[in-house]
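Trainee: Below is the sequence, then the predicted model.
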Amino acid sequence: MMAYIARRLLQTVVILLGISFVTFILLYLIPADPARQIAGRSATAQTVENIREQLGLNLPFYEQYMRYVGGLVQGDFGRSYLQKTEVSTLIASRLPASLLLMAGAITCELIFGLTMGIVAALRRGSRTDDTLMIASFVGVSAPQFVVGILLLYVFAVKLGWFPIGGYGTFAHLVLPSLTLGFLGAGWYSRMMRSSLIEVMRQDFIRTARATGNGRAKVLFRHAMPNAILPVIAMIGIDIGLFMSGIVVVESVFGWPGIGQLAWQAIQRVDIPIIMGVTLVSAFAIVLGNLLADLITPLIDPRIKLR
Amino acid sequence: MTLPRLCPMTLPLLSVNDLSVQVATPTGPKVVVERLSFDLLPGKTLCLAGESGSGKSMTALSLMQLLPKPTARIADGSAILDGDDILALPEARMRQVRGRKIGMIFQEPMTSLNPVMTVGAQLVGAITAHGSRGRRASHARAVELLDQVQIPEPERRLGQYPHELSGGLRQRIVIAMALAQNPRILIADEPTTALDVTVQAQILALIRKLQADHGISVIMITHDMGVVAEMADEVLVMKHGRTVEHATTKDLFARPEDAYTKELLSAVPRLGEMAGSEIPKRAAGRAVAGSSSDAEQPMLEVKNLTVRFDIKGGILQRPVKRLHAVEGISFDVLKGETLSLVGESGCGKSTTGKALLNLLPWAGEIRVNGRSTRGLRGSTMRPILRDVQMIFQDPYASLDPRMRVGDLVAEPLAIHGLATGSALRDRVEYLLKRVGLSPEQMKRYPHEFSGGQRQRICIARALSLSPKLIVADESVAALDVSIQAQVLDLLQDIQDETGISYLFISHDMAVVEQISHRVAVMYMGRFVEMGTRRQIFENPQHPYTKKLMAAVPVADPTRPRRDFVPKAEDLPSPVRPLDYTPSFPPASDLGGGHLVWNV
């Protein structure tokens, strides 16, 4: 078990190195010039050149990259070009808000997705099933900024149940979580439905019914532990989806998380922050998958970690 | 048809009248059980016998109200148990019948248990399905049940998961679950079909013992007339949902009345049927025994074939244990000869077959028509594959569902570049005709064919390259007896015609007896006995061979039923430590090529 985790974390290092390399190349190739951004419109060519030299942006690509990785190895993510603060400090101050939002979104996804999926599976072929599956299809296809703005308009502006934006109380958390979880709930309900339908067809469900077990027992004791497995794997992958989602949702709701940080950094070509957020996101995805892989064998004893 | 009322003195426990079941199909409702009536007497066994599609399983599921919804439904009829019509009971009251009054055992022990729950949790679930009994009491009952079904070390087994147990043990657990609430009726739907023949004998004896101990009535569903003879008091033969014949077991076997029953009984291969004959059932009087053709080069020579798989583990994924699947076996297959490899699951017979086609890594020596196949792969193996082809067990899974039958049969010819255009078409037509299908069927897809027809397609495909040896791996195991007989006849006719050799891999002793010139009995990756068919079947020497033969159910109800119930035992495991070096005891030659190894 520990050996397995150790090996997976070792793989993670390689993955992160690869991601940092690709991101770095992309940022190097984009036509925007960070030095000009920092210097501002009115700066002279000389000032821009000085800034470029100061930040090492005049060095050849591989040297820049080696310098960056050299810093990373020592735990140094670099400094923001514009805010003059350590990137690690910036991310650390923003991360809790994003994690909170993610937890809220996962909760929404599970509550809505699983319930819809289970109900649809048990009433398969009925009008309820059709309605739920259309709803989930809408959930999967609706763009997040549209969902966010609609929710804001209805529940914050018209009904006034929740604050329009900001951060701090539980009420602030509700609408952003719903927006972020909307997409996942759609996916989960579809996956839960097909997985449960498949499991309910299995011989061991018939065995459980043949011994006289009631519907609830058959569903929750026999079917669900089998049917939930693909959903758990999905939660691991989902953390990756969140990372792209929070950039949009945090901007719509003014949520002070790393998504907003990333958005601002991208607008100003603040390369160290972009790199930092990318790496943290990648790490979160890998960690999410690792967690899902660790939970699965606890439910299904046939799966052995190797 | 009026049915003979048997034993009018005793009141029936369960009385089924005019049961009809419908299944929804794209072309409208189809009746799969039609006006079925029978009485089940206390303490007696009724067998529902018939081939696939006869409606016997649908009958069983109807009695439990477990028909797959919404496709199947009970259209008509009643089944009276304790004054209630159990076909019409609402779900809540039906639950009280399931488990309490009727227990059920299913065909497939591998999938009938929940993979993510321990055996104990599932047993306790069955015990407490109708209300809690307290933890201690239900645990004690679980132990008692495992003891009743003769599972040793019940305490340890309760903590295990289904995948850690063999098929025989799992089926015992399913039986224990069915018995958990002391039902008065046990419905057993093909309970031994998926099991090895020695395990089948144990399970059948166990059901008889439980029946004797607890006075349970049994409804046994089977396609195997041997099992019928071993188990039933009464038999109801079904075909396409209708009752064909209903009689006591003795009467049915002694004086079958209906043509279909007769056909069914005559199609059953009976062990010992071939006694005294040197050649396979349909061989055209042309004995191809080893001695007469010594000068000839064997079609296939195998020397010291060994297949081992490393089991990896630890941080570095290094081999920690080794599975000895096949250990140093040697045999020849002559031209025009059928050698059968017979043994139970896990004995290495299929692995041997795959090694012959280089489908997995092996050590030793294999020569096909004089050419060594060692180290050949891809294009270098291709010429060998023109001589050796394989037919697999499951005709449903071994044909690509998205390819037309004509293309499936033509594919090997195209791969080897042997024919194109109209020549290819003619060849495919010929092959389909040869296996008894019409060339018009070339344009159809596999799902439009029955199991037997699909196996014919597989045979046509294997024959397309005019191979000199066909490895047939359990090729008739999945087929109904009447279809099985036809396919076996076809294989033998092709042999008579073309002089092809077969390596016939099977667990079914009766089938092996019909088709083989020579037989090798495998156990734990070794040969334990090899000889001509007569030597093996009429003079078996190794205890394992004898055990295998004794376990085959005999379609003769007058034979006394065996009632020994040995405790379930774990098969010895072929997984060994890395430093294990197998020993090779020499074979003793009993003369005439009859070899026995003291393994």
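Mentor: Nice, I can see it.
Trainee: what's near enough to touch whichever residue of the stretch 201-306 of chain A sits closest to chain B?
Mentor: Across the stretch 201-306 of chain A, the shortest distance to chain B (Cβ to the nearest Cβ) belongs to A:Gly212, at 3.2 Å. In short, each C-beta sits where N, CA and C put it, glycine included. Each residue near A:Gly212 by Cβ atoms under 8 Å, 6 or more residues apart in numbering or on different chains is listed here: B:95-100, B:126, B:129-130, B:181.
Trainee: switch the cut-off to 10 Å
Mentor: The contact partners of A:Gly212, by Cβ atoms under 10 Å, 6 or more residues apart in numbering or on different chains, come to B:64, B:94-103, B:125-126, B:128-130, B:180-181, B:183.
Trainee: Buried ones among the residues you listed?
Mentor: Among the contacts of A:Gly212, those scoring as buried are B:64, B:94-95, B:97-103, B:125-126, B:128-130, B:180-181, B:183 (criterion: 16 or more other Cβ atoms under 10 Å in any protein chain shown).
Trainee: now, which of the residues you listed lie close to chain A?
Mentor: B:64, B:94-95, B:97-103, B:125-126, B:128-130, B:180-181, B:183 (Cβ under 10 Å from any Cβ of the partner chain).
Trainee: Tell me which of those residues fall in strands.
Mentor: B:102-103 (DSSP state E).
Trainee: from the ones next to chain A among the buried ones among the contacts of A:Gly212, which ones fall inside helices?
Mentor: B:94-95, B:97, B:125-126 (DSSP state H).
Trainee: In JSON lines, list those along with pLDDT.
Mentor: What follows is those, written out as JSON lines (pLDDT from 0 to 100):
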{"residue": "B:Met94", "pLDDT": "91"}
{"residue": "B:Arg95", "pLDDT": "90"}
{"residue": "B:Val97", "pLDDT": "92"}
{"residue": "B:Gly125", "pLDDT": "90"}
{"residue": "B:Ala126", "pLDDT": "91"}
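Trainee: Closest one of these to chain A?
Mentor: Of all these, B:Ala126 has the smallest distance to chain A: 3.9 Å, by Cβ to the nearest Cβ.
Trainee: Could you pull up the residues touching the closest one?
Mentor: Counting by Cβ under 10 Å, 6+ apart, B:Ala126 has contacts A:207-208, A:210-213, B:99, B:103, B:138, B:141-142, B:145, B:173-174, B:176-181.
Trainee: Against A:Gly56, how distant is A:Arg67?
Mentor: In this view, A:Arg67 and A:Gly56 are 6 Å apart by Cβ to Cβ, to the nearest Å.
Trainee: Quick check: B:Ile151 vs chain A, distance?
Mentor: To chain A, B:Ile151 is 17 Å away according to Cβ to the nearest Cβ, to the nearest Å.
Trainee: Now do the contacts for that residue.
Mentor: Neighbours of B:Ile151 in contact, by Cβ under 10 Å, 6+ apart: B:119, B:143, B:145, B:157-158, B:165, B:168-169, B:172-173, B:175-176, B:567-568.
Trainee: Can you pull the phi/psi pair for it?
Mentor: Torsion angles at B:Ile151 (phi, psi; degrees, to the nearest 10) stand at phi -100, psi 120.
Trainee: Kindly report the same for B:Leu236.
Mentor: According to degrees, to the nearest 10, B:Leu236 has phi -120, psi 110.
Trainee: do B:Ser398 as well
Mentor: B:Ser398 has phi and psi values of phi -100, psi 10 when expressed as degrees, to the nearest 10.
Trainee: which non-adjacent residue is nearest it?
Mentor: B:Phe392 (4.4 Å; Cβ to Cβ, 6 or more residues apart in numbering or on different chains).
Trainee: check contacts around the one you found.
Mentor: Here B:Phe392 is in contact with B:350, B:353, B:398-399, B:455, B:458, B:462, B:471-475, B:478 (Cβ under 10 Å, 6+ apart).
Trainee: do that again at 7 Å, thanks
Mentor: For B:Phe392, the contacting residues are B:398, B:458, B:473, by Cβ atoms under 7 Å, 6 or more residues apart in numbering or on different chains.
Trainee: if we take the residues you listed, which one ends up nearest to chain A?
Mentor: B:Ser398 (22.7 Å).
Trainee: Could you report the neighbour count for the closest one?
Mentor: 19 (other Cβ atoms under 10 Å in any protein chain shown).
Trainee: hang on, A:Asp76 is in a helix, isn't it?
Mentor: No: A:Asp76 is assigned coil when assessed by DSSP: H, G, I helix; E, B strand; the rest coil, not a helix.
Trainee: residue boundaries of the helices in the stretch 1-150 of chain A?
Mentor: Here the stretch 1-150 of chain A has its helices, by DSSP state H, counting those that start in this stretch, at A:2-29, A:34-39, A:45-55, A:61-73, A:87-108, A:115-122, A:127-141, A:144-151.
Trainee: So which residues make contact with the fifth one?
Mentor: Taking contacts as Cβ under 7 Å, 6+ apart, the residues outside helix A:87-108 that touch it are A:77-80, A:83, A:167, A:173, A:176-178, A:180-181, A:184-185, A:235, A:242, A:246, A:255-259, A:261, A:272-273, A:276-277, A:280.
Trainee: From the residues you listed, which land in helices?
Mentor: Mapping the contacts of helix A:87-108 onto helices (DSSP H) picks out A:173, A:176-178, A:180-181, A:184-185, A:235, A:242, A:246, A:258-259, A:261, A:272-273, A:276-277, A:280.
Trainee: and the closest residue to B:Val519 other than its chain neighbours, how many residues sit next to it?
Mentor: Spatially, and ignoring its direct neighbours in sequence, B:Val519 is nearest to B:Ile536 (4.4 Å; Cβ to Cβ, 6+ apart). By other Cβ under 10 Å, the residues close to B:Ile536 number 27.
Trainee: can you check B:Pro70 too?
Mentor: Counted with other Cβ under 10 Å, B:Pro70 comes out at 9.
Trainee: can you check B:Pro582 too?
Mentor: Count around B:Pro582 with other Cβ under 10 Å applied: 14.
Trainee: Isn't it up against B:Arg322?
Mentor: No: with contact defined as Cβ atoms under 7 Å, B:Pro582 does not reach B:Arg322; the gap is 10.4 Å.
Trainee: separation between the nearest residue to A:Val280 once chain neighbours are set aside and A:Asp238?
Mentor: Nearest non-adjacent residue to A:Val280, counting by Cβ to Cβ, 6+ apart: A:Ile91, 5.8 Å away. In this view, A:Ile91 and A:Asp238 are 21 Å apart by Cβ to Cβ.
Trainee: Please say which of these two ends up with more neighbours.
Mentor: Per other Cβ under 10 Å, whichever of A:Ile91 and A:Asp238 has more neighbours is A:Asp238, with 25 against 19.
Trainee: With adjacent residues omitted, what lies nearest to that one?
Mentor: That would be A:Gly184: by Cβ to Cβ, 6+ apart, it lies 5.5 Å from A:Asp238.
Trainee: What parts of chain B come near chain A?
Mentor: B:64, B:66, B:95, B:98-100, B:104, B:106, B:108, B:111-116, B:125-126, B:129-130, B:161, B:163, B:174, B:177, B:180-181, B:315, B:317 (Cβ under 7 Å from any Cβ of the partner chain).
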